[in-house]
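Peer 1: Build the 3D model from these lines:
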Amino acid sequence: MTQKVKDAVFHRDLNKKYPIITHGEGIYLYDQSGKRYIDASSGAVAANLGHSNNRIAQAMADQAMKVGFVHSMRFETEVLHHLAEKIVDLAPRNLKKVYFTSGGSEANESAIKLARQYHRDNGDRDKHIVIGRWQSYHGNTLGSLSVGGDIKRRKPYMPNLINTEHVYSPYCRRCPYQRNSEDCSQRKNWSCVKDLETKINNLGSENISAIIMEPIVGSQQGAVVPPKDYFKEVRKLCDSHDIVLIIDEVMTGFGRTGKNFAIEHFEIVPDIITFGKGVSAGYAPLAGMIVSDKIIESTIKNSAGKFIHGYTYSGHPVTAAAGLAAMEIYEEDSILNNCIQMSKYLIEKLDSLKSKSNIISDVRGKGLLIGIELVKDKESNILFDPIEQVSNQINEIAFELGAVFYPGSGGIDGLRGEHLIISPPLNVNKEEIDEMVTILEKVIDSFENDMK
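Peer 2: Residues are numbered from 1 along each chain as shown. Below is the predicted model of the structure:
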(Lines give C-alpha, C1' and ligand atoms only; values in the text may rest on other atoms or scores of the structure.)
Protein backbone atom coordinates (compact mmCIF):
# COMPACT_ATOMS: atom_id res chain seq x y z
CA MET A 1 0.00 0.00 0.00
CA THR A 2 1.37 3.39 -1.06
CA GLN A 3 1.77 5.77 1.86
CA LYS A 4 -0.08 9.04 1.38
CA VAL A 5 2.31 11.96 0.97
CA LYS A 6 1.51 14.98 3.11
CA ASP A 7 1.00 17.98 0.82
CA ALA A 8 3.38 20.73 1.92
CA VAL A 9 3.90 22.10 -1.60
CA PHE A 10 3.12 25.70 -2.51
CA HIS A 11 1.61 24.79 -5.88
CA ARG A 12 1.48 27.16 -8.86
CA ASP A 13 -2.28 26.85 -8.47
CA LEU A 14 -3.24 26.11 -4.86
CA ASN A 15 -6.75 25.07 -5.89
CA LYS A 16 -5.59 22.47 -8.39
CA LYS A 17 -4.79 18.81 -7.78
CA TYR A 18 -1.83 17.73 -9.87
CA PRO A 19 -1.20 14.14 -11.00
CA ILE A 20 1.95 12.68 -9.45
CA ILE A 21 4.27 11.48 -12.21
CA THR A 22 6.14 8.32 -11.25
CA HIS A 23 8.27 7.93 -14.37
CA GLY A 24 8.71 8.81 -18.00
CA GLU A 25 9.78 6.94 -21.09
CA GLY A 26 10.54 8.63 -24.39
CA ILE A 27 7.71 11.04 -25.20
CA TYR A 28 5.45 9.54 -22.51
CA LEU A 29 4.82 10.32 -18.85
CA TYR A 30 3.08 7.97 -16.37
CA ASP A 31 1.23 8.95 -13.20
CA GLN A 32 0.51 7.03 -9.97
CA SER A 33 -2.66 5.51 -11.38
CA GLY A 34 -0.77 4.17 -14.38
CA LYS A 35 -2.29 6.67 -16.80
CA ARG A 36 -0.05 7.53 -19.72
CA TYR A 37 0.31 11.04 -21.18
CA ILE A 38 1.91 11.99 -24.48
CA ASP A 39 4.19 14.93 -23.73
CA ALA A 40 3.30 16.83 -26.91
CA SER A 41 4.83 20.04 -25.54
CA SER A 42 8.14 18.65 -24.21
CA GLY A 43 7.03 19.97 -20.83
CA ALA A 44 7.50 23.70 -21.36
CA VAL A 45 9.39 23.12 -24.64
CA ALA A 46 12.35 21.86 -22.63
CA ALA A 47 12.44 18.03 -22.68
CA ASN A 48 13.94 17.99 -26.17
CA LEU A 49 15.13 14.38 -25.91
CA GLY A 50 12.13 12.99 -24.08
CA HIS A 51 12.19 11.32 -20.67
CA SER A 52 14.39 8.80 -18.85
CA ASN A 53 17.40 9.11 -21.10
CA ASN A 54 19.91 6.83 -19.40
CA ARG A 55 22.94 8.47 -20.97
CA ILE A 56 22.14 11.91 -19.55
CA ALA A 57 21.18 10.48 -16.16
CA GLN A 58 24.42 8.50 -16.00
CA ALA A 59 26.51 11.53 -16.98
CA MET A 60 24.96 13.51 -14.13
CA ALA A 61 25.54 10.68 -11.66
CA ASP A 62 29.15 10.22 -12.78
CA GLN A 63 29.87 13.92 -12.35
CA ALA A 64 28.18 14.06 -8.95
CA MET A 65 30.45 11.22 -7.81
CA LYS A 66 33.48 13.28 -8.88
CA VAL A 67 32.40 16.65 -7.49
CA GLY A 68 28.89 17.96 -7.03
CA PHE A 69 29.58 21.66 -6.52
CA VAL A 70 32.33 24.22 -6.89
CA HIS A 71 31.93 27.98 -6.54
CA SER A 72 32.65 29.64 -9.89
CA MET A 73 34.36 32.62 -8.22
CA ARG A 74 37.09 30.24 -7.06
CA PHE A 75 37.06 27.10 -9.23
CA GLU A 76 35.90 25.59 -12.52
CA THR A 77 35.55 22.05 -13.82
CA GLU A 78 36.62 20.33 -17.00
CA VAL A 79 33.04 19.48 -17.93
CA LEU A 80 32.15 23.19 -17.94
CA HIS A 81 34.85 23.94 -20.50
CA HIS A 82 33.83 21.03 -22.72
CA LEU A 83 30.21 22.16 -22.71
CA ALA A 84 31.11 25.77 -23.48
CA GLU A 85 33.20 24.62 -26.45
CA LYS A 86 30.29 22.54 -27.79
CA ILE A 87 27.91 25.50 -27.53
CA VAL A 88 30.31 27.93 -29.18
CA ASP A 89 30.80 25.47 -32.05
CA LEU A 90 27.04 25.64 -32.72
CA ALA A 91 26.70 29.41 -32.33
CA PRO A 92 26.92 32.02 -35.11
CA ARG A 93 30.35 33.49 -35.80
CA ASN A 94 31.89 36.01 -33.40
CA LEU A 95 29.98 34.62 -30.39
CA LYS A 96 32.75 32.79 -28.59
CA LYS A 97 32.23 33.01 -24.83
CA VAL A 98 29.50 31.33 -22.76
CA TYR A 99 28.24 32.54 -19.39
CA PHE A 100 26.16 29.96 -17.52
CA THR A 101 23.08 30.43 -15.33
CA SER A 102 20.38 28.17 -13.89
CA GLY A 103 17.42 29.26 -16.04
CA GLY A 104 16.27 31.43 -18.91
CA SER A 105 15.06 34.25 -16.68
CA GLU A 106 18.53 34.50 -15.16
CA ALA A 107 20.10 34.34 -18.61
CA ASN A 108 18.06 37.30 -19.86
CA GLU A 109 18.66 39.21 -16.64
CA SER A 110 22.39 38.63 -17.12
CA ALA A 111 22.27 39.84 -20.71
CA ILE A 112 20.46 43.04 -19.73
CA LYS A 113 23.10 43.76 -17.08
CA LEU A 114 26.00 42.91 -19.37
CA ALA A 115 24.69 45.28 -22.05
CA ARG A 116 24.51 48.05 -19.45
CA GLN A 117 28.05 47.35 -18.22
CA TYR A 118 29.33 47.32 -21.82
CA HIS A 119 28.02 50.82 -22.51
CA ARG A 120 29.04 52.21 -19.14
CA ASP A 121 32.55 50.87 -19.57
CA ASN A 122 32.73 52.50 -23.00
CA GLY A 123 31.87 55.87 -21.46
CA ASP A 124 28.19 55.91 -22.50
CA ARG A 125 26.79 56.14 -18.99
CA ASP A 126 23.33 57.30 -20.08
CA LYS A 127 22.66 54.19 -22.16
CA HIS A 128 20.42 52.15 -19.87
CA ILE A 129 16.94 51.71 -21.43
CA VAL A 130 16.03 48.29 -22.83
CA ILE A 131 13.41 47.95 -25.58
CA GLY A 132 11.35 44.77 -25.65
CA ARG A 133 8.19 43.82 -27.53
CA TRP A 134 4.56 43.40 -26.55
CA GLN A 135 3.27 39.83 -26.58
CA SER A 136 6.71 38.45 -25.80
CA TYR A 137 8.12 36.56 -22.84
CA HIS A 138 11.63 36.66 -21.41
CA GLY A 139 11.19 35.30 -17.89
CA ASN A 140 9.78 36.00 -14.44
CA THR A 141 12.52 37.83 -12.55
CA LEU A 142 11.66 41.51 -12.21
CA GLY A 143 14.17 42.54 -14.86
CA SER A 144 13.20 39.92 -17.42
CA LEU A 145 9.50 40.46 -16.69
CA SER A 146 10.01 44.19 -17.26
CA VAL A 147 11.43 43.75 -20.76
CA GLY A 148 8.85 41.12 -21.63
CA GLY A 149 5.46 42.00 -23.04
CA ASP A 150 3.12 39.54 -21.33
CA ILE A 151 0.45 41.92 -20.06
CA LYS A 152 -1.21 39.41 -17.73
CA ARG A 153 2.04 38.40 -16.04
CA ARG A 154 3.20 42.02 -15.73
CA LYS A 155 -0.02 43.45 -14.28
CA PRO A 156 0.29 42.34 -10.61
CA TYR A 157 3.86 43.63 -10.36
CA MET A 158 3.67 46.91 -12.28
CA PRO A 159 4.88 49.03 -9.32
CA ASN A 160 8.01 46.87 -9.09
CA LEU A 161 8.98 46.75 -12.78
CA ILE A 162 11.95 48.68 -14.08
CA ASN A 163 11.69 51.41 -16.71
CA THR A 164 11.64 49.67 -20.09
CA GLU A 165 10.04 50.42 -23.46
CA HIS A 166 8.09 48.25 -25.88
CA VAL A 167 7.10 48.05 -29.53
CA TYR A 168 4.84 45.59 -31.33
CA SER A 169 6.30 42.39 -32.71
CA PRO A 170 5.54 41.47 -36.34
CA TYR A 171 2.41 39.33 -36.47
CA CYS A 172 1.58 39.66 -40.16
CA ARG A 173 -1.60 37.63 -39.96
CA ARG A 174 -2.92 39.99 -37.25
CA CYS A 175 -0.86 43.08 -38.10
CA PRO A 176 -1.26 45.73 -35.36
CA TYR A 177 -0.61 48.37 -38.02
CA GLN A 178 -3.32 47.05 -40.38
CA ARG A 179 -0.74 46.49 -43.13
CA ASN A 180 -0.53 43.77 -45.77
CA SER A 181 2.65 41.71 -45.45
CA GLU A 182 3.17 41.49 -49.21
CA ASP A 183 2.88 45.26 -49.50
CA CYS A 184 5.40 45.71 -46.68
CA SER A 185 7.89 43.38 -48.37
CA GLN A 186 7.47 44.82 -51.84
CA ARG A 187 7.95 48.36 -50.60
CA LYS A 188 10.64 47.30 -48.12
CA ASN A 189 8.76 49.46 -45.65
CA TRP A 190 7.76 47.50 -42.56
CA SER A 191 5.62 49.38 -40.05
CA CYS A 192 6.97 47.23 -37.21
CA VAL A 193 10.51 48.32 -38.13
CA LYS A 194 9.47 51.98 -38.54
CA ASP A 195 7.83 51.82 -35.13
CA LEU A 196 11.09 50.62 -33.60
CA GLU A 197 13.05 53.34 -35.39
CA THR A 198 10.61 55.99 -34.16
CA LYS A 199 10.91 54.65 -30.61
CA ILE A 200 14.70 54.88 -30.80
CA ASN A 201 14.58 58.44 -32.14
CA ASN A 202 12.05 59.57 -29.53
CA LEU A 203 13.98 58.08 -26.63
CA GLY A 204 17.33 59.13 -28.02
CA SER A 205 19.83 56.46 -28.96
CA GLU A 206 22.21 57.91 -26.37
CA ASN A 207 19.81 56.52 -23.72
CA ILE A 208 19.21 53.03 -25.17
CA SER A 209 21.30 50.10 -24.01
CA ALA A 210 19.75 47.05 -25.67
CA ILE A 211 16.92 45.56 -27.67
CA ILE A 212 15.73 42.07 -26.69
CA MET A 213 13.64 39.86 -28.98
CA GLU A 214 12.61 36.26 -29.48
CA PRO A 215 13.48 35.15 -33.02
CA ILE A 216 10.19 33.24 -33.20
CA VAL A 217 7.67 34.30 -30.57
CA GLY A 218 6.89 31.28 -28.42
CA SER A 219 4.42 31.08 -25.56
CA GLN A 220 2.85 34.52 -26.03
CA GLN A 221 1.91 34.18 -29.71
CA GLY A 222 2.22 30.50 -30.47
CA ALA A 223 5.20 30.18 -32.83
CA VAL A 224 4.65 33.34 -34.90
CA VAL A 225 7.44 33.66 -37.48
CA PRO A 226 8.46 37.21 -38.54
CA PRO A 227 9.09 38.29 -42.15
CA LYS A 228 12.48 37.08 -43.39
CA ASP A 229 13.98 40.59 -43.65
CA TYR A 230 12.71 41.84 -40.29
CA PHE A 231 15.81 41.01 -38.27
CA LYS A 232 18.14 42.37 -40.95
CA GLU A 233 16.43 45.73 -40.50
CA VAL A 234 16.62 45.47 -36.71
CA ARG A 235 20.32 44.62 -36.95
CA LYS A 236 20.90 47.74 -39.08
CA LEU A 237 19.16 49.93 -36.50
CA CYS A 238 21.23 48.46 -33.67
CA ASP A 239 24.46 48.96 -35.59
CA SER A 240 23.69 52.56 -36.52
CA HIS A 241 22.68 53.50 -32.96
CA ASP A 242 25.21 51.41 -31.00
CA ILE A 243 22.52 49.28 -29.35
CA VAL A 244 23.22 45.75 -28.10
CA LEU A 245 20.97 43.20 -29.82
CA ILE A 246 19.95 40.38 -27.47
CA ILE A 247 18.23 37.40 -29.09
CA ASP A 248 16.32 35.22 -26.63
CA GLU A 249 16.71 31.60 -27.74
CA VAL A 250 15.63 30.06 -24.43
CA MET A 251 12.77 28.26 -26.18
CA THR A 252 14.11 28.09 -29.73
CA GLY A 253 17.74 27.05 -29.27
CA PHE A 254 19.47 23.70 -29.80
CA GLY A 255 17.57 22.43 -32.81
CA ARG A 256 14.00 23.21 -31.81
CA THR A 257 13.26 25.13 -35.05
CA GLY A 258 15.34 22.98 -37.41
CA LYS A 259 18.49 25.10 -36.92
CA ASN A 260 20.97 25.09 -34.06
CA PHE A 261 19.64 28.55 -33.23
CA ALA A 262 16.49 30.05 -34.72
CA ILE A 263 18.18 33.34 -35.59
CA GLU A 264 20.03 31.44 -38.33
CA HIS A 265 16.76 31.42 -40.31
CA PHE A 266 17.09 35.21 -40.57
CA GLU A 267 20.77 35.41 -41.49
CA ILE A 268 21.99 37.89 -38.90
CA VAL A 269 24.38 37.67 -35.96
CA PRO A 270 23.25 39.20 -32.64
CA ASP A 271 25.54 40.56 -29.92
CA ILE A 272 24.22 38.18 -27.27
CA ILE A 273 22.21 34.95 -27.55
CA THR A 274 20.49 33.73 -24.41
CA PHE A 275 19.61 30.05 -24.10
CA GLY A 276 18.07 27.51 -21.72
CA LYS A 277 15.59 24.64 -21.76
CA GLY A 278 16.98 22.48 -24.59
CA VAL A 279 20.62 22.92 -23.57
CA SER A 280 20.17 20.15 -20.99
CA ALA A 281 17.08 18.69 -22.66
CA GLY A 282 15.25 19.56 -19.44
CA TYR A 283 17.30 17.19 -17.28
CA ALA A 284 18.85 19.94 -15.17
CA PRO A 285 18.29 23.67 -14.53
CA LEU A 286 20.81 25.04 -17.00
CA ALA A 287 20.87 28.16 -19.18
CA GLY A 288 23.16 31.00 -20.12
CA MET A 289 24.26 33.50 -22.72
CA ILE A 290 26.70 33.41 -25.63
CA VAL A 291 28.54 36.70 -25.94
CA SER A 292 30.12 38.44 -28.93
CA ASP A 293 33.79 39.27 -29.27
CA LYS A 294 33.21 43.03 -29.12
CA ILE A 295 31.57 42.81 -25.69
CA ILE A 296 34.21 40.42 -24.38
CA GLU A 297 37.02 42.67 -25.65
CA SER A 298 35.41 45.69 -24.00
CA THR A 299 35.06 43.82 -20.70
CA ILE A 300 38.74 42.86 -20.76
CA LYS A 301 39.86 46.36 -21.75
CA ASN A 302 37.56 48.49 -19.59
CA SER A 303 36.57 46.30 -16.64
CA ALA A 304 39.76 44.33 -16.08
CA GLY A 305 37.88 41.31 -17.46
CA LYS A 306 35.28 41.34 -14.68
CA PHE A 307 31.51 41.09 -15.18
CA ILE A 308 29.97 42.56 -12.04
CA HIS A 309 27.33 39.89 -11.63
CA GLY A 310 26.96 36.24 -10.63
CA TYR A 311 24.85 33.39 -9.28
CA THR A 312 25.71 30.67 -6.79
CA TYR A 313 24.87 27.90 -9.24
CA SER A 314 26.49 29.41 -12.35
CA GLY A 315 28.51 26.68 -14.04
CA HIS A 316 27.26 23.94 -11.71
CA PRO A 317 29.20 20.78 -12.65
CA VAL A 318 26.28 18.33 -12.52
CA THR A 319 24.04 20.50 -14.69
CA ALA A 320 26.98 21.04 -17.06
CA ALA A 321 27.37 17.27 -17.33
CA ALA A 322 23.70 17.00 -18.32
CA GLY A 323 24.24 19.69 -20.96
CA LEU A 324 27.34 18.05 -22.37
CA ALA A 325 25.60 14.68 -22.66
CA ALA A 326 22.63 16.32 -24.38
CA MET A 327 24.95 18.09 -26.86
CA GLU A 328 26.63 14.79 -27.71
CA ILE A 329 23.27 13.08 -28.28
CA TYR A 330 22.03 15.90 -30.51
CA GLU A 331 25.10 15.43 -32.68
CA GLU A 332 25.52 11.65 -32.66
CA ASP A 333 21.83 10.81 -33.15
CA SER A 334 21.30 13.40 -35.95
CA ILE A 335 18.55 15.04 -33.91
CA LEU A 336 18.53 18.16 -36.08
CA ASN A 337 17.81 16.13 -39.20
CA ASN A 338 15.05 14.21 -37.42
CA CYS A 339 13.50 17.50 -36.33
CA ILE A 340 13.43 18.76 -39.92
CA GLN A 341 11.86 15.55 -41.24
CA MET A 342 9.30 15.21 -38.46
CA SER A 343 8.39 18.88 -38.79
CA LYS A 344 7.28 18.34 -42.37
CA TYR A 345 5.22 15.34 -41.36
CA LEU A 346 3.61 17.04 -38.35
CA ILE A 347 2.72 20.18 -40.31
CA GLU A 348 1.10 18.06 -43.03
CA LYS A 349 -1.01 16.30 -40.39
CA LEU A 350 -1.98 19.59 -38.73
CA ASP A 351 -2.82 21.22 -42.07
CA SER A 352 -5.12 18.28 -42.78
CA LEU A 353 -6.76 18.76 -39.38
CA LYS A 354 -7.11 22.49 -40.07
CA SER A 355 -8.96 21.80 -43.34
CA LYS A 356 -11.60 19.80 -41.42
CA SER A 357 -11.90 22.12 -38.42
CA ASN A 358 -13.99 25.25 -38.05
CA ILE A 359 -11.86 26.64 -35.19
CA ILE A 360 -8.27 26.12 -36.43
CA SER A 361 -7.48 29.16 -38.57
CA ASP A 362 -3.70 28.91 -38.88
CA VAL A 363 -0.82 26.45 -38.59
CA ARG A 364 2.60 28.12 -38.31
CA GLY A 365 6.09 27.78 -36.90
CA LYS A 366 9.48 26.27 -37.68
CA GLY A 367 10.87 22.83 -36.96
CA LEU A 368 9.05 21.27 -34.01
CA LEU A 369 7.90 24.58 -32.57
CA ILE A 370 4.47 24.72 -34.20
CA GLY A 371 1.45 26.79 -33.25
CA ILE A 372 -2.19 26.48 -34.19
CA GLU A 373 -4.43 29.54 -33.95
CA LEU A 374 -7.92 29.01 -32.55
CA VAL A 375 -10.93 31.15 -33.51
CA LYS A 376 -14.64 30.91 -32.83
CA ASP A 377 -15.47 30.73 -36.52
CA LYS A 378 -12.85 30.31 -39.23
CA GLU A 379 -15.01 31.55 -42.09
CA SER A 380 -15.97 34.85 -40.46
CA ASN A 381 -12.71 35.09 -38.46
CA ILE A 382 -14.57 35.72 -35.19
CA LEU A 383 -12.32 35.52 -32.14
CA PHE A 384 -13.13 33.79 -28.87
CA ASP A 385 -13.92 35.95 -25.87
CA PRO A 386 -10.83 35.89 -23.59
CA ILE A 387 -13.02 35.06 -20.60
CA GLU A 388 -13.73 31.62 -22.14
CA GLN A 389 -10.05 30.57 -21.85
CA VAL A 390 -10.50 28.31 -24.85
CA SER A 391 -6.89 27.15 -25.19
CA ASN A 392 -6.95 25.99 -21.56
CA GLN A 393 -10.31 24.29 -22.09
CA ILE A 394 -8.96 22.39 -25.08
CA ASN A 395 -5.80 21.38 -23.27
CA GLU A 396 -7.88 20.08 -20.34
CA ILE A 397 -9.85 17.85 -22.73
CA ALA A 398 -6.57 16.63 -24.20
CA PHE A 399 -5.26 15.99 -20.69
CA GLU A 400 -8.19 13.70 -19.97
CA LEU A 401 -7.52 11.83 -23.22
CA GLY A 402 -3.83 11.41 -22.42
CA ALA A 403 -1.98 14.22 -24.21
CA VAL A 404 -0.46 17.49 -23.04
CA PHE A 405 -0.08 20.51 -25.30
CA TYR A 406 1.05 24.08 -24.51
CA PRO A 407 -1.94 26.47 -24.32
CA GLY A 408 -1.61 30.22 -24.71
CA SER A 409 -3.77 33.32 -24.99
CA GLY A 410 -3.51 37.06 -25.55
CA GLY A 411 -1.29 36.76 -28.60
CA ILE A 412 -3.06 39.52 -30.53
CA ASP A 413 -3.32 42.36 -28.03
CA GLY A 414 -2.48 40.85 -24.66
CA LEU A 415 -6.04 39.64 -24.06
CA ARG A 416 -7.47 38.33 -27.32
CA GLY A 417 -6.04 35.48 -29.35
CA GLU A 418 -6.02 31.77 -28.48
CA HIS A 419 -3.44 29.21 -29.55
CA LEU A 420 -1.87 25.85 -28.79
CA ILE A 421 1.81 25.03 -29.23
CA ILE A 422 2.68 21.55 -30.43
CA SER A 423 6.33 20.92 -29.58
CA PRO A 424 7.12 17.23 -29.01
CA PRO A 425 10.63 16.00 -28.20
CA LEU A 426 13.00 16.37 -31.15
CA ASN A 427 13.53 12.59 -31.37
CA VAL A 428 9.80 11.94 -31.91
CA ASN A 429 8.83 9.49 -34.68
CA LYS A 430 5.93 9.32 -37.15
CA GLU A 431 3.93 6.78 -35.14
CA GLU A 432 4.07 9.01 -32.07
CA ILE A 433 3.04 12.03 -34.14
CA ASP A 434 0.09 10.06 -35.51
CA GLU A 435 -0.96 9.24 -31.97
CA MET A 436 -0.79 12.82 -30.69
CA VAL A 437 -2.59 14.26 -33.74
CA THR A 438 -5.30 11.61 -33.44
CA ILE A 439 -5.92 12.71 -29.85
CA LEU A 440 -5.86 16.37 -30.89
CA GLU A 441 -8.46 15.66 -33.59
CA LYS A 442 -10.71 14.02 -31.01
CA VAL A 443 -10.26 17.01 -28.73
CA ILE A 444 -11.14 19.51 -31.46
CA ASP A 445 -14.17 17.45 -32.54
CA SER A 446 -15.37 17.24 -28.94
CA PHE A 447 -14.97 20.97 -28.40
CA GLU A 448 -16.69 21.88 -31.66
CA ASN A 449 -19.61 19.56 -30.88
CA ASP A 450 -20.05 21.24 -27.49
CA MET A 451 -20.15 24.62 -29.25
CA LYS A 452 -23.18 23.62 -31.34
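Peer 1: domain parsing for this structure?
Peer 2: 21-52+335-451, 57-332 (automatic domain parsing).
Peer 1: so which of those domains comes closest to residue 14?
Peer 2: domain 57-332 (15.6 Å; C-beta to C-beta). Where C-beta positions appear, they are placed from N, C-alpha and C, glycine not excepted.
Peer 1: From residue 421, how far out is the closest residue to residue 141 other than its chain neighbours?
Peer 2: Nearest in space to residue 141, with sequence neighbours left out and distances taken as C-beta to C-beta, 6 or more residues apart in numbering, is residue 105 at 4.6 Å. As defined by C-beta to C-beta, to the nearest Å, residue 105 lies at a distance of 19 Å from residue 421.
Peer 1: so can I have CSV of the domains of the chain showing mean pLDDT, distance to residue 11 and mean neighbour count?
Peer 2: Formatted as CSV, the domains of the chain follow (pLDDT from 0 to 100; distance: least, C-beta to C-beta, whole Å; neighbours: other C-beta atoms under 10 Å):
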stretch, mean pLDDT, distance to residue 11, mean neighbour count
domain 21-52+335-451, 97, 14, 19
domain 57-332, 96, 16, 20
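Peer 1: how about a markdown table for those domains, with distance to residue 15 added?
Peer 2: Listed next are these as a markdown table, based on distance: least, C-beta to C-beta, whole Å:
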| stretch | distance to residue 15 |
| --- | --- |
| domain 21-52+335-451 | 14 |
| domain 57-332 | 17 |
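Peer 1: among those domains, which is nearest residue 10?
Peer 2: domain 57-332 (15.0 Å).
Peer 1: tell me which element the closest residue to residue 157 other than its chain neighbours falls in.
Peer 2: The spatially closest residue to residue 157, leaving aside those adjacent along the chain, is residue 145, at 6.5 Å (C-beta to C-beta, 6+ apart). Using DSSP states H and E, the element containing residue 145 is helix 142-147.
Peer 1: by contact count, what packs against that helix?
Peer 2: Under the contact criterion of 3 or more C-beta pairs under 8 Å, 6 or more residues apart in numbering; DSSP states H and E, helix 142-147 touches helix 104-121, strand 129-133, helix 151-154.
Peer 1: Any chance of those in JSON lines with distance to residue 226 as columns?
Peer 2: Below are these laid out as JSON lines (distance: least, C-beta to C-beta, whole Å):
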{"stretch": "helix 104-121", "distance to residue 226": "19"}
{"stretch": "strand 129-133", "distance to residue 226": "10"}
{"stretch": "helix 151-154", "distance to residue 226": "20"}
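Peer 1: Of those, which is nearest residue 319?
Peer 2: Minimum separation from residue 319 across the helices and strands packed on helix 142-147 (C-beta to C-beta) falls at helix 104-121, 12.3 Å.
Peer 1: Output the contacting helices and strands for the closest one.
Peer 2: Under the contact criterion of 3+ C-beta pairs under 8 Å, 6+ apart, helix 104-121 touches strand 95-101, helix 142-147, strand 208-213, strand 244-249, strand 272-275, strand 287-292, helix 293-302.
Peer 1: Export the ones you listed to JSON lines and append columns for distance to residue 317.
Peer 2: Converted to JSON lines, these look like this (distance: least, C-beta to C-beta, whole Å):
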{"stretch": "strand 95-101", "distance to residue 317": "11"}
{"stretch": "helix 142-147", "distance to residue 317": "25"}
{"stretch": "strand 208-213", "distance to residue 317": "29"}
{"stretch": "strand 244-249", "distance to residue 317": "24"}
{"stretch": "strand 272-275", "distance to residue 317": "18"}
{"stretch": "strand 287-292", "distance to residue 317": "14"}
{"stretch": "helix 293-302", "distance to residue 317": "23"}
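Peer 1: For residue 308, find the nearest of those.
Peer 2: The nearest among these, by C-beta to C-beta, is helix 293-302 at 9.9 Å.
Peer 1: Can I take it that residue 220 is in a helix?
Peer 2: No - going by DSSP: H, G, I helix; E, B strand; the rest coil, the assignment for residue 220 is coil, not a helix.
Peer 1: Spit out the contact partners of it.
Peer 2: 135-137, 149-150, 408, 410-411 (C-beta atoms under 8 Å, 6 or more residues apart in numbering).
Peer 1: Could you check how far it is from residue 382?
Peer 2: Residue 220 is 22 Å from residue 382, by C-beta to C-beta.
Peer 1: And residue 284, by the same measure?
Peer 2: Applying C-beta to C-beta to residue 284 and residue 382 gives a distance of 44 Å.
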